[in-house]
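**Student:** Pasting the sequence and the predicted model now:
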Amino acid sequence: MRKVLQVSNLGKIHGNGCPRCVASTGPDVGSNICPHCQSVVANAAISFDLHAGEILGIMGESGSGKSTIVKMLFFDEDPSLGEAIFYDNGHQWNLFSLNAAQQRRLRNHRFGIVYQNPHLGLNFNFSAGGNIAERLLMSDLTHYGQIRERARDLLTRTEVGSERMDESPKKFSGGMQQRVQIAKALSTSPPVLFLDEVTTGLDLSVQARILDLILEIQQELGTAMIAVTHDLGVIRLLADRTIVMKNGRIIEAGLTDQILEDPQHAYTQQLVASAL
């Protein structure tokens, strides 16, 4: 399969950091806090590839560092270590070597994100359609009629209902807000979509409809996705391959079926057993 993203030795350290941070933290010592300088090693030595049309799951408990990976790749946070290469129509972009304008362009045109908290992904002062229009305007589409038609199509596609496109997301349920986020993220047809705990806090029936929608979109558009979650049910349904994280490190990686049916690491075994 065609590679769209290559992440190598990615890391994030909160604090001043010291030469012993990485070696003194991680699953082997059961902590991501450096005992020498008290910096927090959110991630270290994170390496993986993402291919066109696949969903890569990143699984781990709260504080494992999984969401930090997505935040760095979407330019919400700056990395402390490593690099990421985005392969896009014959171009190779070294994400963390780009200037701010280049990063904004990729973020607005070629990447999409759906956050756990809709307040991070939506402007609640705008209508549902206005949120989509805001992203489309950043992608150089300026014709009002075309923007409105695109917003209507996307909201219909994500089962929000075009009759509600002029309402504020404040009036929507949590599940509906996530649908608007998905519609907004997809508005520029990005080849890469990041999903950060998108079903957390939603009722089970709403979760199921959101996950079905994500799978439909992935199969229809061939969008490559990274799905961050602590929920093994989400991983089982969505992910082709899965990375398991603990204390900021990858402790196991492979095909999802293999990891869930025959986990090798004791921590993964514990996670799988707890979900049975």
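**Tutor:** Cool, got the structure. Just so we're clear, the structure is a prediction, and the values are computed from it rather than from any experiment.

**Student:** Show me the shaky parts of the protein.
**Tutor:** 139-142, 276 (pLDDT under 70).

**Student:** would you list every one of the strands in it?
**Tutor:** Using DSSP state E, the strands of the chain run over residues 3-14, 40-51, 55-59, 81-88, 91-94, 111-114, 192-196, 224-229, 241-246, 249-255.

**Student:** Looking at those, which is nearest to residue 275?
**Tutor:** Nearest of these to residue 275, taken as CB to CB: strand 55-59 at 10.5 Å. No exception for glycine: its C-beta is placed from N, CA and C like everyone else's.

**Student:** which phi and psi does the closest residue to residue 21 other than its chain neighbours have?
**Tutor:** Nearest residue to residue 21, sequence neighbours excluded (CB to CB, 6 or more residues apart in numbering): residue 34, at 4.4 Å. Main-chain dihedrals, residue 34, degrees, to the nearest 10: phi -70, psi 130.

**Student:** Now that residue 34 has come up, it's in contact with residue 25, right?
**Tutor:** Yes. Checked against CB atoms under 8 Å, the pair residue 34 and residue 25 is within contact range at 5.7 Å.

**Student:** between the two, who's got more neighbours?
**Tutor:** Neighbour count, other CB atoms under 10 Å: between residue 34 and residue 25, residue 25 has more, with 25 against 21.

**Student:** follow-up on the earlier one: common neighbours of residue 34 and residue 25, please.
**Tutor:** Common neighbours of residue 34 and residue 25 (criterion: CB atoms under 8 Å, 6 or more residues apart in numbering): residue 41.

**Student:** Give me the distance between the residue nearest to residue 233 when sequence neighbours are not counted and residue 69.
**Tutor:** Using CB to CB, 6+ apart and skipping residues adjacent in sequence, the residue nearest residue 233 is residue 275, 7.4 Å away. Distance, residue 275 to residue 69, by CB to CB, to the nearest Å: 22 Å.

**Student:** got a list of what the closest residue in space to residue 197 that isn't next to it in sequence touches?
**Tutor:** Counting by CB to CB, 6+ apart, the nearest residue to residue 197 once its immediate chain neighbours are dropped is residue 116, at 3.8 Å. The contact partners of residue 116, taken as CB under 8 Å, 6+ apart, are 67, 196, 197, 198, 200, 201.

**Student:** Neighbour-wise, which one of the residues you listed leads?
**Tutor:** Busiest of the contacts of residue 116 [other CB under 10 Å] is residue 198, holding 26 neighbours.

**Student:** Please name the residues that touch that one.
**Tutor:** So residue 198 contacts 114, 115, 116, 178, 181, 182, 210, 214, 227, 229 (CB under 8 Å, 6+ apart).

**Student:** tell me which residues in the lengthiest helix in the chain are buried?
**Tutor:** Ranked by residue count, the top helix of the chain under DSSP state H comes out as helix 204-221. Neighbour counts over helix 204-221 (16 or more other CB atoms under 10 Å) mark 206, 207, 209, 210, 211, 213, 214, 217, 218 as buried.

**Student:** next one: stretch 74-85
**Tutor:** By neighbour count with 16+ other CB under 10 Å, stretch 74-85 contains the buried residues 74, 75, 76, 77, 79, 80, 81, 82, 84, 85.

**Student:** Just put these in TSV and tack on distance to residue 124.
**Tutor:** TSV is the format used below for the buried residues of stretch 74-85 (distance: CB to CB, whole Å):
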residue	distance to residue 124
74	20
75	22
76	19
77	23
79	30
80	32
81	35
82	35
84	31
85	35
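
**Student:** most distant residue from the middle of the protein?
**Tutor:** Centroid-distance maximum for the chain: residue 36 at 31.9 Å, with CA atoms, centre = their mean.

**Student:** mind checking how far the closest residue in space to that one that isn't next to it in sequence is from residue 42?
**Tutor:** Using CB to CB, 6+ apart and skipping residues adjacent in sequence, the residue nearest residue 36 is residue 20, 5.0 Å away. Taking CB to CB as the measure, residue 20 falls 16 Å from residue 42.
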